[in-house]
Structures are given as C-alpha cells and as structure tokens.
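Novice: Predicted coordinates and the sequence they were generated for:
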Amino acid sequence: MHNISIDMLSVIARQCIAVTCLQRFCQRLDIRHPALSAFAGHVWKITQVTSGDFAAWERGFASLPVTGMGDPWPDDIRMAIPVHLLGALDELVQHVLETSACTWHGDDLPASRRQLEAVLDICARHDVAVPQLAHYVQHDAAPRGGWGPVLTDEEVRAWQALI
C-alpha cells in the first residue's frame, strides 16, 4: 500500500500526504465547503514556510473556521456535512494538522508517523485512495529537524497534482 516507509519522508512530505488524503476524502465523498478548502490551502503553505515565517503560519490556523485543533465547527459547516461523515471528517482534519503539529516545538517524528498512519487508516475505512508515498520522497529529509527542504514552486505544483 505505502510502497516505502513513512520514516523515509520529511515532515513536509508527511503533511502534504495528509492534506492530499483530506482533499481526496472530500472529493470521494462529495464534501464541499469553503472552510475545508481554506484549511487545506493553509496547510499546503507549509511547503514553502521558512523558519522566519513559521510563527505567522502557525498563528494563521486560529483565524480559520476549521482549525484542526479540536475546536467546535461552526453550525453552517456542520450542517453542510452529511451527519454520518462529520465525526470521521473532524477526526481526519485533526490528524492532518497533527501530522506536523506534533513536531512544531520538538522533534517528535514518531508521533508524526503515527498521525499520518491515522490519516491513512481513516482513508482506508472510507475507501479513499491514498497517494503513493514514493512520489513525496525528497533528496534529503534530514534538514530542519526532519522537516526537509522547502519546496520549489514546481515541486509544490507536482505534489498538488497528486490530489
């Protein structure tokens, strides 16, 4: 299923796989809402966040209607999601965020792996295809505490094309 070990992937790659899975989940189950698109768009920005911009990117989640931080979702969003999928979607969004958040203030790469595994498990339970992990391998995942190098515009476009 995964074709390579998650441990070979940078945190940025793991985060992008997780958000790709969220977007595939929404596509597969016909879930659409601007708040979910805003969340996914903000997560994708991690691909080019430098250490000097990181704090602003992290704070940016607080201004989103869906944060992934366990906050209750506004009523208009909850009403737009089929009730039988709301719990799974909320859980998925939280795991997507935690795929990188567990490393924001430390080096918890094993927790990052567990969060991505939870994302992949939710996708499997809902028959959502997960991307091939090999597409996200970077030449050196070690820089920046396992976060890997910042992506070029071309790399970002290539990874987003995997949605």
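Specialist: Received it, and whenever you're ready, just let me know what you need. Numbers count the residues shown, from 1 in each chain.
Novice: Read off the pLDDT value for residue 8.
Specialist: pLDDT for residue 8: 88.
Novice: Not counting its neighbours along the chain, what's nearest it?
Specialist: Counting by CB to CB, 6 or more residues apart in numbering, residue 8 lies nearest to residue 137, which is 6.3 Å off, once chain neighbours are set aside. (Each C-beta comes from the backbone N, C-alpha and C, glycine too.)
Novice: Counting neighbours, what do you get for that neighbour?
Specialist: 13 (other CB atoms under 10 Å).
Novice: Correct me if wrong: it contacts residue 5.
Specialist: No - using CB atoms under 8 Å, residue 137 is not in contact with residue 5; the gap is 10.2 Å.
Novice: What is the neighbour count of residue 75?
Specialist: Neighbourhood size, residue 75 [other CB under 10 Å]: 8.
Novice: one step back: so how far is residue 6 from the residue nearest to residue 8?
Specialist: Counting by CB to CB, to the nearest Å, the gap from residue 137 to residue 6 is 11 Å.
Novice: How about residue 133?
Specialist: 7 Å.
Novice: Also residue 51?
Specialist: According to CB to CB, residue 51 stands 24 Å off from residue 6.
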